[in-house]
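Enquirer: everything below, folded, please.
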Amino acid sequence: MKFMLNGALTIGTLDGANVEMAEEMGLDNIFIFGMKVDEVAQLWDAGYDTRRYLARLPELQLALSQIRTGYFNPAEPYKFTDFSENLISNDRFCVIADYESYLKCQEEVSELYMDWIKWTGKCLHNIASAGKFSSDRTIKEYADEIWDIQPVHVDLNPPKE
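Expert: You can find the predicted model right below:
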């Protein structure tokens, strides 16, 4: 949301804050990839196995291998071994399952970026749609709905000259 306030275009899955952002800016102004909630549930029910996805994604296999073996960090070659192994054995956010969808979506981002007029228009639309996410509204909503507190008026002395 903070990036949206500055005009950034978002690429992400349709969950969390991205749902609220999409409601405000419209799906034409956010790049959504990946599975929907019901598709994720079906994937887990069917027995999600990252290795089935990796078998058809040689470039992702290579990237994970390079991370695992320290290609990007030769001074500490095993620093990210646990990360890559955990992603393969416990991909609870379905990163590997959503990878192909992400690549297709990133192609759309790259294509739009080449048209600076459309890109700028979407950036401006995002800024104009971001009012709901102001800290004033958020704090008031938390005060009313979560903290159950009322505002207190404080009289401040004018600054001394």
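Enquirer: neighbours of D45, how many?
Expert: 8 (other CB atoms under 10 Å). For every residue, glycine as well, the C-beta is placed using N, CA and C.
Enquirer: for the strand or helix carrying I117, buried residues please.
Expert: Assigned by DSSP states H and E, I117 belongs to helix 116-129. Neighbour counts over helix 116-129 (16 or more other CB atoms under 10 Å) mark W119, K122, C123, H125, N126, S129 as buried.
Enquirer: and the contacts of it?
Expert: For helix 116-129, contacts defined as CB atoms under 8 Å, 6 or more residues apart in numbering pick out 4-10, 21, 24-26, 28-29, 112-113.
Enquirer: which outside residues touch the longest helix seen in the chain?
Expert: Across the chain, the longest stretch assigned as helix under DSSP state H is helix 95-113. With CB under 8 Å, 6+ apart as the test, helix 95-113 has contacts from 9, 11, 13, 31-35, 43, 48, 50, 53-54, 57, 60, 87-88, 91, 118-119, 122.
Enquirer: buried residues in it?
Expert: I96, A97, D98, Y99, Y102, C105.
Enquirer: quick one: it to chain centroid distance?
Expert: Centroid displacement of helix 95-113 relative to its chain, using CA atoms, centre = their mean, to the nearest Å, is 13 Å.
Enquirer: got it, and stretch 39-47?
Expert: Using CA atoms, centre = their mean, the offset of stretch 39-47 from its chain centre is 21 Å.
Enquirer: hmm, back to that, now list the buried members of the contacts of helix 116-129.
Expert: Counted by 16+ other CB under 10 Å, the contacts of helix 116-129 give M4, G7, L9, T10, M21, E24, M25, N29 as buried.
Enquirer: out of those, the closest to T69 would be?
Expert: T10 (32.4 Å; CB to CB).
Enquirer: find the nearest non-adjacent residue to the closest one, please.
Expert: Spatial nearest neighbour of T10, chain neighbours left out: I30 (5.0 Å); criterion: CB to CB, 6 or more residues apart in numbering.
Enquirer: just checking, the one you found touches L9?
Expert: Yes: judged on CB atoms under 8 Å, I30 makes contact with L9 at a distance of 7.2 Å.
Enquirer: give the contact list for G12.
Expert: N18, I30, F31, I32, F33.
Enquirer: now, these that are in strands?
Expert: Here DSSP state E is the test, and the contacts of G12 give F31, I32 as lying in strands.
Enquirer: dump the contacts of G12 into a markdown table; add neighbour count, pLDDT and distance to N157 as well.
Expert: Output for those, formatted as a markdown table (neighbours: other CB atoms under 10 Å; pLDDT from 0 to 100; distance: CB to CB, whole Å):
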| residue | neighbour count | pLDDT | distance to N157 |
| --- | --- | --- | --- |
| N18 | 18 | 93 | 45 |
| I30 | 22 | 96 | 46 |
| F31 | 17 | 97 | 50 |
| I32 | 17 | 97 | 51 |
| F33 | 19 | 98 | 54 |
